[in-house]
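> kindly return the folded structure for what I paste below:
(one chain, ligands or ions: 2)
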Amino acid sequence: MFGLGKLLSRLLSVFTEDIGIDLGTANTLVSIRGVGVVVFEPSIVAMHKETREILLDGDAIGNKAKEMEDRAPANISIIRPMKDGVIADFDITQAMLRYFIHKAQQKARARSRWLSFRPRVLIAVPTGITMVERRAVIDAAERAGAGDVFLIDEPMAAAIGAGLPTGRPLGSMIVDIGGGTTEVAVISLGDMAARTSIRVAGDEMDTAIITHVKRVHDLRIGYPTAEKLKKEIGSAEGLKEEKKMEIAGISVKTSLPERAMVSSEEIREALRPTVDEIIKAIKRTLEITRPELAADVLNNGIMLAGGGSLLRGLTSVITRETGIPCRLAEDPMTCVARGTFKVLEKLELYEQVLFTSEDLNG
Ligand SMILES: Nc1ncnc2c1ncn2[C@@H]1O[C@H](COP(=O)(O)OP(=O)(O)OP(=O)(O)O)[C@@H](O)[C@H]1O
Ligand SMILES: [Mg+2]
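Ligands and ions are numbered 1, 2, ... in the order given. Here you go, the predicted model:
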């Protein structure tokens with residue numbers, strides 16, 4: 001992608017601080033070379049509806065915005081500036097990046113004297129995004145205070161974070177199920193031999209639950225309640241002990257608050273189409289994988305990462321429906337961030353998997 005010499009001159013200065021960012025639809029994680037993952041917060045921002053000013057003097061971002069999410073008054077918007085893995089609101093994404101980069105620097109500052117004013121930043125992005133969208137991520141990071149900006153494909157970072165042998169001549173499959181996107185890739189010799197990216201993941205599961213509860217229980221609920229149902233009683237296959245959960249929402253009929261009891265069986269039914277989409281994406285990727293690499297995947301199995309992979313029973317359903325053993329990465333939600341961290345630690349080893357703005361121009 002670009003020459004080692006150029007890369008070395010840009011990357012191997014010991015006095016520069018390197019920051020890795022998993023800029024997710026649901027969560028943003030920031031790691032610092034030599035330190036580790038120092039920020040893990042929701043990708044949300046609370047702002048004034050009319051003026052678009054970020055609350056708390058610009059600090060109502062991440063955890064602080066999350067605290068306001070469920071019960072914000074009408075004049076406040078709680079927004080997610082990333083949607084389907086890409087920037088939906090440029091200015092707010094930039095403000096959010098600036099806030100998280102600054103926070104990460106403050107946390108690292110206690111440990112290191114060598115901090116640069118404009119850090120070099122490595123950002124993981126979904127493979128399905130366009131050149132224009134990649135450019136927008138780089139611009140947002142530069143305007144948020146980054147020096148040189150490098151991009152890495154999210155599944156590559158996830159695979160590295162999960163400890164898969166990405167550099168070897170061996171096919172490894174990674175499936176990263178996030179909030180906005182599911183990324184499936186077969187990686188060999190530091191490259192993606194086959195990949196599929198669909199804009200269906202955890203958020204889609206929440207939407208399916210909202211639709212189901214409205215249709216069956218005549219109740220309107222918000223995303224936080226839907227997500228709670230998914231995490232607490234959601235599953236991809238039958239549970240040993242089925243569960244129930246009581247929720248409250250607004251009755252479609254009376255417009256008054258009401259309660260309802262929801263079962264794990266019905267949530268499973270509601271989630272089925274999303275789970276099917278994910279399985280289809282895995283099968284499609286296998287179909288376009290060279291036979292030898294597909295045989296490697298059959299031998300070595302499928303690795304799941306991302307928050308959406310935590311849905312109960314998902315690994316067994318994927319194993320059954322593909323005939324390939326599927327397992328969960330260690331700490332799936334931090335896989336991409338740990339991947340960016342590993343790349344920063346050994347840049348010379350990974351230069352092949354990085355993109356810069358020059359690659360996008362060329
Ligand atoms: N225990 C759980 N069961 C099911 N889903 C979960 C669980 N924990 C988290 N999730 C879901 O994981 C998703 C967030 O995962 P993650 O942080 O990997 O996404 P992201 O990286 O921000 O998104 P993307 O990669 O699509 O931009 C959310 O939809 C969340 O509801
Ligand atoms: Mg992600």
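
> could you check how far I61 is from ligand 2?
I61 sits 18 Å away from ligand 2 when distances are taken as CB to the ion, to the nearest Å. Heads up, the C-betas are built off the backbone N, CA and C, glycines and all.

> and the closest residue in space to that residue that isn't next to it in sequence, what does it touch?
Nearest residue to I61, sequence neighbours excluded (CB to CB, 6 or more residues apart in numbering): Y99, at 4.6 Å. Counting by CB atoms under 8 Å, 6 or more residues apart in numbering, Y99 touches G58, D59, I61, G62.

> need the pLDDT of Y99.
With respect to pLDDT, Y99 scores 94.

> check which helix or strand covers it.
Assigned by DSSP states H and E, Y99 falls within helix 90-109.

> ok, so of the contacts of Y99, who is nearest ligand 1?
Using CB to the nearest ligand atom, G62 comes nearest to ligand 1 of the contacts of Y99, at 12.0 Å.

> the closest residue to that closest one other than its chain neighbours - how many residues pack around it?
Closest residue in space to G62, ignoring its immediate chain neighbours: E41 at 3.2 Å, by CB to CB, 6+ apart. For E41, the tally of surrounding residues (other CB atoms under 10 Å) stands at 19.

> with E133 instead?
Applying other CB under 10 Å, we find 14 residues neighbouring E133.

> wait, a strand at it?
No. Assigned with DSSP: H, G, I helix; E, B strand; the rest coil, E133 falls outside any strand and is helix.

> now it: how far from ligand 1?
12 Å (CB to the nearest ligand atom, to the nearest Å).

> so who does that residue touch?
By CB under 8 Å, 6+ apart, the contact list for E133 reads V86, I87, V125.

> check whether the last one really touches R135, as I assumed.
No. Using CB atoms under 8 Å, V125 is not in contact with R135; the gap is 10.8 Å.

> the domain parsing of the protein - what is it?
According to automatic domain parsing, the chain comprises the domains 4-43+82-157+335-361, 44-79, 165-200+271-330, 209-263.

> least reliable of these going by mean pLDDT?
By mean pLDDT, the lowest-scoring of the domains of the chain turns out to be domain 4-43+82-157+335-361, with a mean of 85.

> more neighbours: V125 and R135, which one.
More neighbours surround V125 than the other of V125 and R135, with 23 against 15 (other CB under 10 Å).

> around ligand 2, which positions in the stretch 51-200 of the chain sit nearby?
The stretch 51-200 of the chain comes close to ligand 2 at residues G178, as judged by CB under 5 Å from the ion.

> most proximal residue of the stretch 51-200 of the chain with respect to ligand 2?
Across the stretch 51-200 of the chain, no residue is closer to ligand 2 than G178, which sits at 3.4 Å (CB to the ion).

> so who does the residue of the stretch 1-150 of the chain found nearest ligand 1 touch?
Here the stretch 1-150 of the chain gets closest to ligand 1 at one residue, G24, 2.2 Å apart by CB to the nearest ligand atom. Residues near G24 by CB under 8 Å, 6+ apart: S43, M82, G85, G178, G179, G180, V336.
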